[in-house]
Structures are given as C-alpha cells and as structure tokens.
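A.B. asks: prediction below, plus the sequence it came from.
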Amino acid sequence: MTELKNCPAPAKLNLFLHVTGRRPDGYHLLQTVFQLIDHGDTLHFTLRDDTALRRVTDLPGVPEESDLIIRAAQLLQAEVRRRTGSLPRGVDIAIDKVLPMGGGVGGGSSDAATTLMALNQLWNAGLGKQELMDLGLPLGADIPFFIFGESAFAEGVGEALQPVCTPDCWYVVIEPGVMVPTAAIFGSEHLTRNTPAVNIADFSSHSGTAGFGKNDLQQVATKLFPPVAEAVEWLGAYGDARMTGSGACVFSAVATEADADAVLAKVPAKWQAWKARSLHHHPFTAKL
Ligand SMILES: C[C@@](CO)(OP(=O)(O)O)[C@H](O)COP(=O)(O)OP(=O)(O)OC[C@H]1O[C@@H](n2ccc(N)nc2=O)[C@H](O)[C@@H]1O
Ligand SMILES: Nc1ncnc2c1ncn2[C@@H]1O[C@H](COP(=O)(O)OP(=O)(O)O)[C@@H](O)[C@H]1O
C-alpha cells in the first residue's frame, strides 16, 4: 500500500465540561463527555521516495512545521525509528479543511489523531491503540479521545476515557466568527475550578442527556468574547444551547434533520452554521 485517501477526521462536541481541579503543573482537571459528530476534515496520505514529511495543502495561519498533522507524523516516524532502527518513508499529506480553527470542535486534534492512525497502517508500524493514544497526548489533550474512537466520558485532562452511551440526535452548530484561545480561558481569574465531581452513571441516567451539567468555560468565554454570548442567546431560543470545549462554537441538540434545517434557515447571515449527526464510532477506526 502506498497511499491512503479520504481518511475522515470528525469533529467532537463537549456535551458538558466541568473543571474539577488543577494539577500541580497548572493543567486543569476536567470531566466531560466527548460526542463524535459526522462533520469534519478529510486527509489524504501518499508515501514519498525520501523520508520528508510534507503538508501539501496551504492552511492559512498554520505554518507547516507547527501543524499538528506534521508534528504527529514526526512523533510516529521517530517512534518507528526507535523501535526498528530505520526511518520509515516520508509522506505527502493533503487536507480538505472544513472545521473552524480554535472552534472547540477539536479539528487540529482530530487531524493529528487521524494522521497517527493512518501512518501506523501505511508504515505497518504495528502500534496498539493505547500506544497511539499515549504518543498523541503531549500534542493535545483531545487526541487520545479521537483514537479511542467512540463517544466517551473523560477525566484527567481528557485522557482517562470510558465509553458512554449518548443520544442519537442531530446538532445545530454555530460558528460565532471569533477564535477563542484556550490558554486565555483556562488562565482567567474568573474561571471556577471546583465543580463537584460527577460519575458516568449521573450522566447516563439523565433523561435529556444533551442538557446534563454545564460548560464551566462558557462563562469566561462569553465575557471575553461577546459574539459567543450572542450565539448562545440566539440558539437558546430553540433548545439548550451551550458552548463546546473552550469555544467559540455553540451547539444545540435537535431530534431530526428537518428540525436542524428549520433552525439553520433562520440563522443570521453574519454567522456560519451547520448541522451534524451524532456518531457512536469514529468512521476511520471502523475502517481500520
Ligand atoms: C478545552 C478542550 C476540551 O476538550 O478542548 P478544545 O476547546 O481545545 O477543543 C481541551 O481540554 C483542550 O486541551 P488541549 O487541546 O490540550 O489544550 P491546548 O490548546 O494545548 O492548551 C492551551 C493551554 O490551556 C491550558 N490548559 C489546557 C487544558 C487543560 N486541561 N488545562 C489547562 O490549563 C494550558 O495552559 C495549556 O497550555
Ligand atoms: N491541522 C490543524 N488544524 C487546525 N488547527 C491547527 C492544526 N494544526 C495546528 N493547529 C493550531 O491549533 C489551534 C487549535 O486548533 P483546533 O484544534 O482547530 O481548535 P480547538 O482546540 O479549539 O478545537 C489552532 O488555532 C491552530 O493554530
């Protein structure tokens, strides 16, 4: 095999996100439910004759060397060399970028996770799922989840994962048109960091699960970025609207695709908005 085309990198939504404490290194301890959705980027991998790792698609604002796709590929290439003594062949990586950057839908992390899974196969590297998850974690806390490959209840910084049953539904997602820097939200003096711990059964036994808990990062993000507050208020007229991750995207669950279309038809033109269906499993791990 010399190429892997059309590899999906789906987005996630954080159905709730509680900040329960802080690690000694300053990183925040979270509890969250990650929901996979059927909207995302698509990556294409082609082996090269040398050992270079190249992104062949321009991504405005993200230099090639800092792209999580390239950094993930470098990590795995080095790991394969450590294990086998030889460097695997280089790769050209193309990306159809759909997901908003800094949107809280995990685009960069999902791209990196798909890269690790695709190159593990293309290079016959033979790493197990947990090994790939461990390799990805230092690059981004959401990467292990995407490799885990199913909707999950997460703790720690997001790396301690348990599968969880989530509702089959559609989501309307609004992009409020601002990029929210994750570090600024976690660094805010106004962030509450002591939400009492819940357990997976509390989430699972909640009937309207999309409305369980809250997003502790939302209060800070809406103060710093008024367009996020505006989107929460607007979408709130159609259901329980909340922010995903550290923002900026805002989502609400609806029962059917027709319901999603009805809300989308009314979204003010100044915002990008889209619909997505909940997924139980990652569409790429299912293919592997
Ligand atoms: C908030 C979440 C929820 O899914 O998602 P996104 O909104 O990014 O999608 C993640 O925990 C995002 O984790 P990760 O992707 O690793 O965050 P980064 O952007 O690398 O973090 C930027 C900075 O935020 C702070 N940070 C991040 C995560 C965390 N649990 N505690 C922190 O204190 C750290 O100062 C870190 O240096
Ligand atoms: N392949 C990539 N796609 C998106 N962002 C990337 C990528 N590689 C690096 N980044 C950087 O990571 C940051 C966070 O991106 P992203 O994962 O899309 O947002 P979020 O963590 O809010 O869901 C971006 O602002 C960008 O600078």
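C.D. replies: Yep, that arrived. Ligands and ions are numbered 1, 2, ... in the order given.
A.B. asks: next up, the contacts around the residue of the chain most remote from its centre.
C.D. replies: Most distant residue from the mean C-alpha position of the chain: residue 85, 33.0 Å away (CA atoms, centre = their mean). The contact partners of residue 85, by CB atoms under 8 Å, 6 or more residues apart in numbering, come to none. Backbone N, C-alpha and C define where each C-beta goes, glycine included.
A.B. asks: all strands of the stretch 151-288 of the chain, in order?
C.D. replies: 152-155, 160-163, 170-175, 242-243, 250-254, 272-279 (DSSP state E, counting those that start in this stretch).
A.B. asks: the most centrally placed residue in the chain: what's it in contact with?
C.D. replies: Against the mean C-alpha coordinate of the chain, by CA atoms, centre = their mean, the closest residue is residue 106 at 2.3 Å. Residues in contact with residue 106 (CB under 8 Å, 6+ apart) are 11, 12, 99, 142, 145, 146, 245.
A.B. asks: for ligand 1, find the nearest of the strands of the stretch 151-288 of the chain.
C.D. replies: Nearest to ligand 1, of all these, is strand 152-155, at 7.9 Å by CB to the nearest ligand atom.
A.B. asks: quick one: contacts of that closest one?
C.D. replies: Residues contacting strand 152-155 (CB under 8 Å, 6+ apart): 29-34, 145, 160-164, 200, 203.
A.B. asks: now with 7 Å, please.
C.D. replies: 30-34, 145, 160-164, 200, 203 (CB atoms under 7 Å, 6 or more residues apart in numbering).
A.B. asks: who touches the residue nearest to residue 172 when sequence neighbours are not counted in this structure?
C.D. replies: Sequence neighbours aside, residue 263 is the residue nearest to residue 172 in space, at 4.8 Å (criterion: CB to CB, 6 or more residues apart in numbering). Taking CB under 7 Å, 6+ apart as the criterion, residue 263 is in contact with 172, 238, 254.
A.B. asks: would you mind measuring from the closest residue to the second one other than its chain neighbours to ligand 1?
C.D. replies: Excluding its sequence neighbours, the residue lying closest to residue 238 (CB to CB, 6+ apart) is residue 263, at 5.0 Å. Going from residue 263 to ligand 1 by CB to the nearest ligand atom, to the nearest Å gives 23 Å.
A.B. asks: now do the SS call for the residue of the stretch 51-200 of the chain at minimum distance from ligand 2.
C.D. replies: The nearest approach of the stretch 51-200 of the chain to ligand 2 comes at residue 108, 2.9 Å away (CB to the nearest ligand atom). Here residue 108 is helix, with the state taken from DSSP: H, G, I helix; E, B strand; the rest coil.
A.B. asks: what pLDDT does the closest residue to it other than its chain neighbours get?
C.D. replies: Nearest non-adjacent residue to residue 108, counting by CB to CB, 6+ apart: residue 68, 4.5 Å away. The confidence metric pLDDT takes the value 98 at residue 68.
A.B. asks: then residue 210?
C.D. replies: For residue 210, the predicted pLDDT is 51.
A.B. asks: what's near enough to touch residue 143?
C.D. replies: If you count contacts by CB under 7 Å, 6+ apart, then residue 143 has 109, 112, 113, 136, 137 around it.
A.B. asks: try residue 116
C.D. replies: By CB under 7 Å, 6+ apart, the neighbours of residue 116 are 72, 76, 132, 135, 136, 147.
A.B. asks: and if we set it to 6 Å?
C.D. replies: 72, 76, 132, 136 (CB atoms under 6 Å, 6 or more residues apart in numbering).
A.B. asks: surely it is in a strand?
C.D. replies: No. Under three-state DSSP, residue 116 falls outside any strand and is assigned helix.
A.B. asks: distance of it relative to residue 79?
C.D. replies: 10 Å (CB to CB, to the nearest Å).
A.B. asks: go through the worst-scoring helix or strand of the chain on mean pLDDT and flag the buried ones.
C.D. replies: Of all helical and strand segments in the chain, the minimum by mean pLDDT, DSSP states H and E falls on helix 200-204, at a mean of 91. Using 16 or more other CB atoms under 10 Å as the burial criterion, the residues of helix 200-204 that qualify are 200, 203.
A.B. asks: and the contacts of that helix?
C.D. replies: So helix 200-204 is contacted by 33, 153, 162, 212 (CB under 6 Å, 6+ apart).
A.B. asks: I'm done for today, thanks for sticking with me.
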